[in-house]
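1. turn this into a model:
(2 chains)
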Amino acid sequence: MSTDLAKAYEPKDVETRWYTYWTENNVFAASDAPDDTRPTYVLPMPPPNVTGSLHMGHALFCTIEDILSRYHRMTGHNTLWQPGTDHAGIATQLVVERLLQREGTSRHDLGREKFIERVWQWRVQAGDRILEQQRVLGVSADWSRSKFTMDPDLSRAVSEAFVRLHREGLIYRDTRLIYWDCEARTVLSNLEVENEPANGELFEFAYPLEDGTGEIVVATTRPETMLGDTAVAIHPDDERYKALHGKRVRHPFVDRLIPIITDAELVDPKFGTGAVKVTPAHDFNDFATGKRHKLEEISILNPDGTINAIGGDFAGMDRFAARKAVKKALDEKGLARGTKPHQLVLPRSERNNSIVEPMISTQWFVRTAPLAEPALAAVREGKTRIIPEEWSKTYEHWMSNILDWCISRQLWWGHRIPAFHCSGCAHITVTTDESPKACETCGSTDIHQDEDVLDTWFSSALWPFSTLGWPNDTLALKRFYPASDLETGYDILFFWVARMMMMGIHFMGEPPFKRILLHGLVVDETGEKMSKVKGNVIDPLDLIHGATFEQVVEKALPGAPLQEALKKFKKAYPSTAQMGEGFAAYGADALRFTLATYSPQAKRIPLSPKKIEGNRNFCNKIWNATRFALTYLEGARVGATAPPATLLANRWILSRLSAVAAASRTGIDDFRLDDASLGLYHFFWGELCDWFLELTKPVFADRTSAAAIETRDVLAYTLEAALRLLHPFVPFITEELWHRLPRPESPPLSLGLAHFPDDTVAPRDAAAERDMAVVQAIIGAARSVRSEHEVHPGAEVPLTLRTDDAELRALLTSQSVAIRTLVKSAGDPTIGPREAERPRGAVMSVAAGVEVLVALVGLVEGHKEAARIEREIKKAEKDIAALEKKLALPSFADKAPPEVVAESHAQLTALRDKRAGLEHARKIAAELD
RNA sequence: GGGCGGGUAGCUCAGCGGCAGAGCGUCGGCCUUACAAGCCGAUGGUCGCAGGUUCGAUCCCUGUCCCGCCCA
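-> Residues are numbered from 1 along each chain as shown, chains lettered A, B, ... in the order given. Coordinates of the predicted model:
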């Protein structure tokens, strides 16, 4: 035990030291030993992108999940928080491609094999950075089990899953319309495409009729696609075009006759000209129309987005150049019929923001309907609960309308599809064998592996069991599947969570988790999404270690003029206006605590630097409260149960401790970390520091008294338990302080392994809470009078308390030292019945049925006091009137529950009493002048 | 167009049938020997609008206006 604490909390001294201690002592390790009979708590961590670096979203989930993990460890659970990283196909490939670009080369120059080698190199170099950064936050995952989705064992799980699904007919290969990313040159699943509204134009042009008798005018936002048109559609009932049924038009650029078809589904006669060009190979609606009418599907694009040979004169042009060229050519032929401004929706790649093109392509798909059904049932039947519950509606809606999942990607970095094409018979051999010798049908040895890799989400879908050794039947799998909770952002509910549900149920026979916990998105203080473009990104490490605003914005808006970047940043975070030159080193605990106090049901979490500062102050409060306590705790005995308490303040704080322990547990159990953390904040600061510590001061004046010894033991016990309660939220500071405090016999080597208190930590004492509330109300009333009359905080003034309730008088007498100290009255308060003599020139207030008289003669102006009392009387009268009106209603007395009626009567009596007292006070205010 | 959510103090948000809350901000007073990263006190709300149910509505229902997000 040591008392040499610095005057203020310095997080950086403490944080790295304890993190090392925890890992050296295996505090975070889960056990799959068969003789370990503890209940398990399993939480798979969303694996961050292996080449990424820590951002606020990571900080948020790490905080939440660390709280859950530490809490369960402290409640006796064999806790596995499963960490790892994700290979993140497109994202990682893009990073390395950009690197190569800077070196003046490209992946195509390198070739597939060399390129993949290069990515592995990069992964080794950059891949552990994010894991190191997670440690800074205090992440208590079992690092010894850390996995990477491209590890050999996880890769095996991927090919095993693919092969099994294929064998079961749940994976198939098909040619259909997909979204194509021309920049990355790969297919994307529909989930990876974002539809963004944009201002564009509607271009109208005419197709001449084959027979030369006229023309038909169509409208389009993508003129270049007319190169692939194979029909013009009109509504069957549209009178304007009745004469054209069955006719054909001539394509102006390529030698093709195009039928005019009638289709009631595609055509809205009120939109545009009522005639629609149909391009089945480049539009989803047209594709469906094409199927209905057996139209030819003509693809006009190369994989890189240039026009292919079908486009004739336009071949080789980029799609956007071709758009201009087609318009110009139509104009030259006299077929252009003008443009109109038009609101359209552009599909963009979620990854590189490029506009994606619907294209006909052969890809691999997962048949989702049979997988979705049990995943839907699991949530409906409550086998898996989604919290906050609102999200289950979204889950239900999506799962019920799920589309087949395109899982192939034309990338090099990822799990290569375990399918081998035969050049002989064209059969595809699907096998977990990495290099099969021959085609399984014709025996030809001329086979080659599919060039494509799998969607990254395919491997993450297996995460809850692939990390535990599946498909092997391991001890870990037996013990740790299914997981208890899955905690992640709602934005990947479909991408990841839903797919884990489907795969988990399919391969393991039961859902992968008992609960799905979803949090919101961290955004800037004004509610805007964080992005490099907006310059409002905050690096969590800058909040932990400190940074000037110049340093912050250099990262937030790289390359921009400093003043401009600063302006943008400060606008995004108005609270920084009051924060000087930058962020102080707030420490990981302050950041964590702040993130924990946001409600999980909020979709947006507007990060406020000022709040973090406030919670740094809270950490400092914890630090100083302990520093204060330590000076009195020498020789304190801390047992396994609460020490006996006879004094009101001691009984009260133990009772409050018990209440906050129960509330903390409920909060964490219900995934209301905001309730739990704010409750602890209020207990520690508002009750323990503001009241209890202040009340101990007069008691400790004589350290040898029985009262002081009892108080010392209660203080030691309460503080130790409070640190245990706070530990999951603020692990560093609590661990540091805990080791300096008197603790129960043979404590565990880390606070992280101590027991998280529950309501048995101390007796609940309703009488103590009630009595203390009276004392607090009276002290508050006296302080209020003092402050309003601007009595100097150091001045001691006589205090008189009057009540006709003898029990109350006894209580006040027993607490007279406490009242004297906290009110700073001149001597003990004079306590008597109402008719007792009152000091001349006293200002009176009424609290808890007690008249509180502060003698201020000569210090106060009477008329001011009279005015103050008048205001109070008005307030009381308003409340009285409202209550009287309510009670006068016969319906209220008849229909409201009796306890509510009785309560109202009691309130009315108390208020009338108060009014009488105040009226009296108004009279005596005259004496003050 | 379909679905989901939200509108409560100056700001950010809890609360969701029985006296409207927190943090921050603002204002006033204090360097009171744990903490000025602090202490004490105060100010601040037609709970988006209109109906309805109820003894009683911020809370439940209906309508309506705004604002988000997701899916087409």
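2. low-confidence ranges, chain A, go.
-> Applying pLDDT under 70 to the predicted model, the residue ranges of chain A that meet it are A:1-3, A:858-861, A:864, A:928-929.
3. so which residue is dead centre in it?
-> Central residue check for chain A by Cα atoms, centre = their mean: the C-alpha nearest the mean position is that of residue A:519, 3.2 Å away.
4. quick one, what contacts residue A:721?
-> By Cβ atoms under 8 Å, 6 or more residues apart in numbering, residue A:721 lies in contact with A:657, A:661, A:757, A:761-762. Heads up, the C-betas are built off the backbone N, CA and C, glycines and all.
5. and what of residue A:492?
-> Residue A:492 neighbours (Cβ under 8 Å, 6+ apart): residue A:46.
6. what of the one 5 residues further on?
-> Under the criterion of Cβ under 8 Å, 6+ apart, the neighbours of residue A:497 are A:395, A:486, A:488, A:516.
7. and of those residues, the nearest to RNA strand B?
-> Checking these against RNA strand B by Cβ to the nearest atom of the strand gives residue A:395 as the nearest, at 10.4 Å.
8. the helix or strand where the closest one lies vs RNA strand B: in contact?
-> Applying DSSP states H and E as the criterion places residue A:395 in helix A:391-400. Yes: among the residues of helix A:391-400, A:393-394, A:397-398 lie within reach of RNA strand B under Cβ under 7 Å from any atom of the strand.
9. buried set for stretch A:842-861?
-> When neighbours are counted by 16 or more other Cβ atoms under 10 Å, the buried residues of stretch A:842-861 are found to be A:842-857, A:859-860.
10. whatever residue of the stretch 101-250 of chain A ends up closest to RNA strand B: how many residues sit nearby?
-> Distances from the stretch 101-250 of chain A to RNA strand B, computed as Cβ to the nearest atom of the strand, single out residue A:190 as the nearest residue at 4.7 Å. Residues within reach of residue A:190, counting by other Cβ atoms under 10 Å, total 14.
11. touching, it and residue A:179? I think so.
-> Yes: here residue A:190 reaches residue A:179: they are 6.4 Å apart, a contact under Cβ atoms under 8 Å.
12. where does residue A:914 land in three-state SS?
-> When the structure is split into helix, strand and coil by DSSP: H, G, I helix; E, B strand; the rest coil, residue A:914 lands in helix.
13. repeat for the one 4 residues further on
-> Classification of residue A:918 into helix, strand or coil gives helix, according to three-state DSSP.
14. how many neighbours does it have?
-> As a burial measure, the neighbour count of residue A:918 was computed by other Cβ under 10 Å and equals 24.
15. still on that earlier bit, now, the buried residues of stretch A:842-861 that are in helices?
-> The subset of those located in helices under the criterion DSSP state H is empty.
16. out of those residues, which sit inside strands?
-> Here DSSP state E is the test, and the buried residues of stretch A:842-861 give A:842-847, A:850-855 as lying in strands.
17. quick one: which of these is nearest to residue A:912?
-> residue A:846 (11.3 Å; Cβ to Cβ).
18. beta partners for the closest one?
-> With DSSP bridges applied, residue A:846 shows beta-bridge pairing to residue A:851.
19. contacting residues around residue A:593?
-> The contact partners of residue A:593, taken as Cβ under 8 Å, 6+ apart, are A:615, A:618-619, A:677, A:681, A:729-730.
20. let's see it at 10 Å
-> Residues in contact with residue A:593, defined by Cβ atoms under 10 Å, 6 or more residues apart in numbering, are A:63, A:67, A:586-587, A:611-612, A:614-616, A:618-619, A:677-678, A:680-681, A:726, A:729-730, A:733.
21. in which helix or strand would I find residue A:827?
-> When the helices and strands are read off by DSSP H and E, none of them contains residue A:827.
22. sorry, slip of the keys, the one I care about is residue A:663.
-> Element membership for residue A:663, per DSSP H and E: helix A:648-669.
23. report the buried residues of that helix.
-> Counting neighbours by 16+ other Cβ under 10 Å, one finds that the buried residues in helix A:648-669 are A:648-665, A:667-668.
24. likewise stretch A:127-139?
-> Burial within stretch A:127-139, assessed by neighbour count using 16+ other Cβ under 10 Å, is assigned to A:127, A:130-131, A:133-139.
25. does residue A:203 sit in a helix, a strand or a coil?
-> Classification of residue A:203 into helix, strand or coil gives strand, according to three-state DSSP.
26. now do the SS call for the residue of the stretch 201-350 of chain A found nearest RNA strand B.
-> Residue nearest to RNA strand B within the stretch 201-350 of chain A: residue A:345 (5.6 Å; Cβ to the nearest atom of the strand). Look at residue A:345: counting by three-state DSSP, its state is strand.
27. residues touching it, list them.
-> With contacts defined as Cβ under 10 Å, 6+ apart, the neighbours of residue A:345 are A:194-198, A:200, A:221.
28. follow-up on the earlier one: what's the next helix or strand after the helix holding residue A:395 packed up against?
-> The helix or strand immediately downstream of helix A:391-400 is strand A:405-406, counting by DSSP H and E. Other elements packing on strand A:405-406 under the criterion 3 or more Cβ pairs under 10 Å, 6 or more residues apart in numbering; DSSP states H and E are strand A:171-181, strand A:357-366.
29. so what strands line up beside the helix or strand just after strand A:405-406?
-> Following strand A:405-406 in sequence order, the next helix or strand is strand A:408-409 (DSSP H and E). Partner strands for strand A:408-409, per DSSP bridges, with pairing direction: strand A:453-454 (antiparallel).
30. I'd guessed residue A:214 sits against residue A:244; true?
-> Yes: assessed by Cβ atoms under 10 Å, residue A:214 is found in contact with residue A:244 at 8.3 Å.
31. who has more neighbours, the two?
-> Set side by side, residue A:214 and residue A:244 give different neighbour counts by other Cβ under 10 Å, the larger being at residue A:244 (19 against 12).
32. from residue A:498, how far out is the residue nearest to that one when sequence neighbours are not counted?
-> Closest residue to residue A:244 apart from its sequence neighbours, by Cβ to Cβ, 6 or more residues apart in numbering: residue A:260 at 5.2 Å. Here the criterion is Cβ to Cβ, to the nearest Å. By it, residue A:260 lies 43 Å from residue A:498.
33. now residue A:737
-> 43 Å.
34. with residue A:801 instead?
-> Residue A:801 sits 65 Å away from residue A:498, going by Cβ to Cβ.
35. near RNA strand B, which residues of the stretch 1-150 of chain A?
-> The interface of the stretch 1-150 of chain A toward RNA strand B, taken as Cβ under 7 Å from any atom of the strand, is made up of A:7-10.
36. which helix or strand contains whatever residue of the stretch 701-850 of chain A ends up closest to RNA strand B?
-> Using Cβ to the nearest atom of the strand, the point where the stretch 701-850 of chain A gets nearest to RNA strand B is residue A:787, with a distance of 3.5 Å. Assessed by DSSP H and E, residue A:787 sits inside helix A:766-788.
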